[in-house]
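# sequence-free structure coming up:
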């Protein structure tokens, strides 16, 4: 089945620790995205990548880092520099081009203890 | 700052009625418009997209776009309790891969 997978589903982190969230897709999509969603708020873009080995900052990139070494994978690292990391993290992918419908993975819920 | 505005709701409609969800956007250069449904605790699911002025129908869903008024709406006919969710409007600027999301409208369909 084609789709986007994210792991883990739930993640608990102590303050001061870096954590990496996994995102994998087998849709053969070129573009991948990371969003953050806080209660009662919309999705805010953290980073996005249109091709392998290239990525751009979104609206709230501070305290986060990404890599895009393979087309299928776009991991997100939440560093200790991110002041309020507790949130629901969503990965999405799309084809490149004019219409850009984005499809989402199931999400990772990160809680900082 | 490009904005996408939605009434947060909740919008309550009786089962079988038409639910009308509205969205306005600030960037006149926007070219692609999307509606996502998000159940509580789950990820967004794409239900409609529209690129041209006018109406686009898919089953019980109709998306309406008016670029002159910078307005996009979603109509849900014969609303069912299973339609109860938050509906996110998303807008893509012309020439860019980035999409801006609204904060969503919570819909409650009352049996």
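Received, thanks. From a predicted model like this one, the values you see are computed outputs, not experimental measurements.

# Kindly state the beta-bridge partners for the closest residue in space to residue A:56 that isn't next to it in sequence.
Closest residue to residue A:56 apart from its sequence neighbours, by Cβ to Cβ, 6 or more residues apart in numbering or on different chains: residue A:48 at 5.7 Å. Any C-beta I mention is one placed from the backbone N, CA and C, and that applies to glycine too. Counting by DSSP bridges, residue A:48 is bridged to residue A:33, residue A:56.

# Identify the residues contacting residue A:48.
A:31, A:32, A:33, A:34, A:55, A:56, A:58, B:97, B:98 (Cβ atoms under 8 Å, 6 or more residues apart in numbering or on different chains).

# what sits up against stretch B:49-62?
With Cβ under 8 Å, 6+ apart, stretch B:49-62 has contacts from A:99, A:101, B:31-35, B:47-48, B:63-68, B:72, B:74-78.

# one more time with 6 Å, if that's ok
A:101, B:32-34, B:48, B:63-65, B:67, B:75-78 (Cβ atoms under 6 Å, 6 or more residues apart in numbering or on different chains).

# likewise stretch A:56-66?
A:44, A:45, A:46, A:47, A:48, A:55, A:76, A:77, A:79, A:81, A:82.

# In these, find the pair that's most separated.
The distance between the two most remote of the contacts of stretch A:56-66 (Cβ to Cβ) is 20.0 Å, for A:48 and A:81.

# Residues of chain A that sit close to chain B?
Within chain A, the residues that sit near chain B (Cβ under 6 Å from any Cβ of the partner chain) are A:31, A:41, A:42, A:43, A:50, A:90, A:99, A:100, A:101, A:104, A:106, A:107.

# For the second one, give me its contacts.
If I follow you right, that is residue A:41. With Cβ under 6 Å, 6+ apart, residue A:41 has these contacts: residue B:103.

# just the fifth one next, same as before
For residue A:50, the contacting residues are A:31, A:96, B:97, taking Cβ under 6 Å, 6+ apart as the criterion.

# Tell me the spatial nearest neighbour of it, not counting adjacent residues.
Nearest residue to residue A:50 in three dimensions, chain neighbours excluded: residue A:31, at 5.0 Å (Cβ to Cβ, 6+ apart).

# The one you found against residue A:96, yeah?
Yes: when contacts are counted by Cβ atoms under 6 Å, residue A:31 is listed as touching residue A:96 (5.3 Å).

# can you map out the strands along chain B?
Along chain B, the segments classed as strands by DSSP state E run B:4-5, B:11-14, B:19-25, B:30-38, B:45-50, B:54-58, B:61-66, B:71-76, B:85-93, B:99-101, B:105-110.

# Adding mean neighbour count, mean pLDDT and distance to residue A:64, write those out as JSON lines.
Formatted as JSON lines, the strands of chain B follow (neighbours: other Cβ atoms under 10 Å in any protein chain shown; pLDDT from 0 to 100; distance: least, Cβ to Cβ, whole Å):
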{"stretch": "strand B:4-5", "mean neighbour count": "18", "mean pLDDT": "94", "distance to residue A:64": "22"}
{"stretch": "strand B:11-14", "mean neighbour count": "14", "mean pLDDT": "97", "distance to residue A:64": "34"}
{"stretch": "strand B:19-25", "mean neighbour count": "20", "mean pLDDT": "97", "distance to residue A:64": "26"}
{"stretch": "strand B:30-38", "mean neighbour count": "22", "mean pLDDT": "94", "distance to residue A:64": "22"}
{"stretch": "strand B:45-50", "mean neighbour count": "18", "mean pLDDT": "95", "distance to residue A:64": "25"}
{"stretch": "strand B:54-58", "mean neighbour count": "12", "mean pLDDT": "96", "distance to residue A:64": "35"}
{"stretch": "strand B:61-66", "mean neighbour count": "18", "mean pLDDT": "97", "distance to residue A:64": "33"}
{"stretch": "strand B:71-76", "mean neighbour count": "20", "mean pLDDT": "97", "distance to residue A:64": "30"}
{"stretch": "strand B:85-93", "mean neighbour count": "24", "mean pLDDT": "93", "distance to residue A:64": "21"}
{"stretch": "strand B:99-101", "mean neighbour count": "23", "mean pLDDT": "91", "distance to residue A:64": "18"}
{"stretch": "strand B:105-110", "mean neighbour count": "18", "mean pLDDT": "97", "distance to residue A:64": "28"}
